[in-house]
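S.K.: Sequence below, structure please.
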Amino acid sequence: MQTVGLFAGIGGLEHGLSRAGHVTLAVSEIWGPACAVLADRLNVPNLGDVSRIASLPSECELITAGFPCQDLSQAGFTQGISGSRSGLVGAVFELLDRQRVPRVLLENVSFMLRLDGGRAMERIAAAFEERGYRWAYRVVNSLSFVPQRRERVYFLASLLDDPSDVLLVDEVAAPDPGNVGLDGRAHGFYWTEGVRGLGWGPDCIPTLKNGSTLGIPSPPAILLPDGAIITPDIRDAERLQGFPEEWTLSTGAGRASWRWSLVGNAVTVPVAEWLGSRLSDPGVYDQSRSSLMSGAWPRAARWTGKVREAVSITDRPCHAPRPALHEFLRYPGKPLSVRATAGFLTRTRRSSLRFPAGFLDRVQQHLATQTNGTKLAA
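M.R.: Okay, here's the model as predicted:
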């Protein structure tokens, strides 16, 4: 398919779709560092501000739009779909009113299903229904493809065929984690938390985020099998999103710390490649998965053209074979600093969380090792 990527970021959707054989005609992105990466990696026209695009290339068959999630994210301002940033998804419908592109693929954070009692999702779904599109959506976890736990909603609308045959046919059960003890594998967690949450991930990292509003990177920590605690190298962070390493290394991308924001905001490439493969070769939706929708927005659903249906399906379309997290990492990472480790331990002492057995002992040991190393260096 001939595609146009709106709110393209660093091209995760576009790169994944291209690996499945689709062609990117143009992108739309306004943040300077992301524009620099797109210019280096995709080499297609950048249409600029989506709200100022008069028309799309006439041969466009699919719009993709990973529209800004700040107003929809649980960690954001929770202004809802009418927020100044996420409200830009309205520009997608203005384009569709001028040019009936046959398919649209949206991506956003899973919290959008619950935000404002589901009003954000209601506005999006109703807008497509009013324009004659059938739609389907599903929460997909990047753990299907890479060792990163990252849930995102993928919403596909179509004028031509049933999007359920693309999004809602592939499924595996989440693999049995087996022994979840600390020995023999790496575990990811958020060192910036410790009071209300941990983001604990056996043999994976929790969701890569875009850092603070000051542009200070805050990648998750990884407890390695030998007891060391590190934060991953940016090249491994790119790989944890499915990009080739150094994808965000661009002379026009500004300061190095922005690379973390670029990666944290991106779409996981193999998820987009899976979607692209199914767009080229749809399956057949199993109607037994359906039930009439009522109440809150479920984690997967569809619009048949007549009724909305909840869909029973996991967030794992597949389980791609891969090495253990500590073997996946190619670079040594950066030891979690004394200050960061001590701050994390302080927060855990006033927490009511239950931590994995032996975890805090290993954090304390890491602190002692790092403190001794700092003293020796001095």
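
S.K.: how about the helices of the stretch 251-378 of the chain, start to end?
M.R.: 258-264, 269-280, 325-328, 338-349, 359-377 (DSSP state H, counting those that start in this stretch).

S.K.: May I see the buried residues of the longest one?
M.R.: Spelled out, it's helix 359-377. 359, 362-363, 366-367, 369-370 (16 or more other Cβ atoms under 10 Å). Placement of C-beta: from N, CA and C, glycine included.

S.K.: ok, now the fourth one?
M.R.: Within helix 338-349, the residues that qualify as buried by neighbour count (16+ other Cβ under 10 Å) are 338, 340-341, 344-345, 347-348.

S.K.: Dihedrals phi and psi, residue 24?
M.R.: phi -90, psi 120 (degrees, to the nearest 10).

S.K.: ok, it to residue 322 distance?
M.R.: Here the distance between residue 24 and residue 322 works out to 27 Å (Cβ to Cβ, to the nearest Å).

S.K.: The two: who's more crowded?
M.R.: residue 24 (24 against 13; other Cβ atoms under 10 Å).

S.K.: quick one: contacts for the closest residue to residue 338 other than its chain neighbours?
M.R.: In this structure, residue 338 finds its nearest non-sequential neighbour in residue 370, 4.9 Å apart by Cβ to Cβ, 6 or more residues apart in numbering. Residue 370 makes contact with 335-338, 341 under the criterion Cβ atoms under 8 Å, 6 or more residues apart in numbering.

S.K.: quick check, nearest of those residues to residue 153?
M.R.: Within these, proximity to residue 153 (Cβ to Cβ) peaks at residue 336, which comes in at 31.8 Å.

S.K.: who are the neighbours in contact with the nearest residue to residue 41 once chain neighbours are set aside?
M.R.: Excluding the flanking residues, the one nearest residue 41 by Cβ to Cβ, 6+ apart is residue 11, at 5.9 Å. Each residue near residue 11 by Cβ under 8 Å, 6+ apart is listed here: 5, 24, 27, 37-38, 41-42.

S.K.: Can you redo these as JSON lines, where the extra columns are secondary structure?
M.R.: Listed next are the contacts of residue 11 as JSON lines, based on DSSP: H, G, I helix; E, B strand; the rest coil:
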{"residue": "5", "secondary structure": "strand"}
{"residue": "24", "secondary structure": "strand"}
{"residue": "27", "secondary structure": "strand"}
{"residue": "37", "secondary structure": "helix"}
{"residue": "38", "secondary structure": "helix"}
{"residue": "41", "secondary structure": "helix"}
{"residue": "42", "secondary structure": "coil"}
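
S.K.: Taking those together, which two end up most distant?
M.R.: Across the contacts of residue 11 (Cβ to Cβ), the longest gap, 13.8 Å, separates 24 and 37.

S.K.: So residue 134 is in contact with residue 305, correct?
M.R.: Yes: Residue 134 lies in contact with residue 305 (Cβ atoms under 8 Å); the separation is 5.3 Å.

S.K.: who has more neighbours, these two?
M.R.: residue 134 (20 against 11).

S.K.: Please tell me how far that one sits from residue 116.
M.R.: From residue 134 to residue 116 the distance is 25 Å (Cβ to Cβ).

S.K.: Give me the below-cutoff pLDDT ranges for the chain.
M.R.: In the predicted model of the chain, residues 69-87, 177-180, 211-215, 253, 374-378 satisfy pLDDT under 70.

S.K.: Give me the neighbour count for residue 100.
M.R.: Around residue 100 there are 11 other residues, counting by other Cβ under 10 Å.

S.K.: what sits against it?
M.R.: Per Cβ under 8 Å, 6+ apart, neighbours of residue 100: 131, 159.

S.K.: and if you look at residue 152?
M.R.: 107-110, 139-140, 142, 267-268, 271.

S.K.: bridging residues for it?
M.R.: residue 109, residue 140 (DSSP bridges).

S.K.: Distance check, it against residue 113.
M.R.: Applying Cβ to Cβ to residue 152 and residue 113 gives a distance of 11 Å.

S.K.: ditto for residue 44
M.R.: On the measure of Cβ to Cβ, residue 44 and residue 113 end up 32 Å apart.

S.K.: swap in residue 29?
M.R.: Distance from residue 29 to residue 113, by Cβ to Cβ: 26 Å.

S.K.: now residue 45
M.R.: Applying Cβ to Cβ to residue 45 and residue 113 gives a distance of 34 Å.

S.K.: same thing with residue 324?
M.R.: On the measure of Cβ to Cβ, residue 324 and residue 113 end up 32 Å apart.

S.K.: of the two, who's got more company?
M.R.: Counted by other Cβ under 10 Å, residue 324 and residue 113 do not tie: residue 113 has more neighbours, with 20 against 14.

S.K.: Contacts only, for that one.
M.R.: Contacts of residue 113 (Cβ under 8 Å, 6+ apart): 121, 139, 153, 296-299.

S.K.: Quick check: ChimeraX command selecting the buried ones in the residues you listed.
M.R.: The ChimeraX selection below is limited to those of the contacts of residue 113 classed as buried (16+ other Cβ under 10 Å):
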select :121,139,153,297,298,299
